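> I'd like to go over a predicted model; first the sequence, then the structure.
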Amino acid sequence: MDQEESSQLRLEVVAPAGRVFEGGVQMAVLPAVTGELGILPRHAPLVAQLSIGRLRALTVDGDWLTFAVAEGFAKVQFNKIIVLADAAEEASQIDVARVHKSIEQAKQRLEMHRSGAVPEGEDVDPYREQLALRRAYNRLKVAERPDK
């Protein structure tokens, strides 16, 4: 491995719909359940559980990429980071109007459950709706402020 290769990481972000990103980066900051986790080249091998949050990566060109990610796992080994997330979306690809609709839908479903007005034959799981709300708010935050 030459000097340039050893000063880079290979980042692969994968969601159920497929690969979201693959490329060389100088560093990555992951939203682990224990807090943000910074990964630089030659990092010790690890597996980390991810929480809903913002994944940031500094590309080899010096640009920051930002992703909204949901729960999942990250594996770091041999200068490669593999992120397997329940959902992942690059900040510039987030449809803000769709996010607002998701927030409203989750709020309506939570209110239906709270008030006992769930239509017959429909199942409203408050845990899933809260999770959908957290994911939507994260996507909104990442889309509106990808640099923070």
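Nice, thanks for sending it over. Numbering: from 1, shown residues only.
> show me where pLDDT drops low in the protein?
Across the chain, residues meeting the criterion (pLDDT under 70) sit at 1-6, 148.
> Could you break the protein into its assigned domains?
Using automatic domain parsing, the domain ranges for the chain come out as 3-91, 95-144.
> For those domains, give me TSV that also has mean neighbour count.
For the C-beta atoms, the positions are set from N, CA and C on the backbone; glycine is no exception. Shown next, in TSV, are the domains of the chain (neighbours: other Cβ atoms under 10 Å):
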stretch	mean neighbour count
domain 3-91	17
domain 95-144	14
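> Residue 86 and residue 60: what is the separation?
Applying Cβ to Cβ, to the nearest Å, the value for residue 86 to residue 60 is 28 Å.
> cool, residue 25 as well?
7 Å.
> list residues touching both of these two?
residue 8 (Cβ atoms under 8 Å, 6 or more residues apart in numbering).
> tell me the contacts of the residue sitting nearest the centre point of the chain?
Centroid-nearest residue in the chain: residue 69, 0.9 Å away (criterion: Cα atoms, centre = their mean). Residue 69 makes contact with 13, 31, 50, 52-55, 83, 85, 87-88 under the criterion Cβ under 8 Å, 6+ apart.
> List the contacts of stretch 135-148.
By Cβ under 8 Å, 6+ apart, stretch 135-148 touches 52-54, 64, 66-68, 70, 87, 89, 91-92, 94, 96, 99-100, 102-103, 106.
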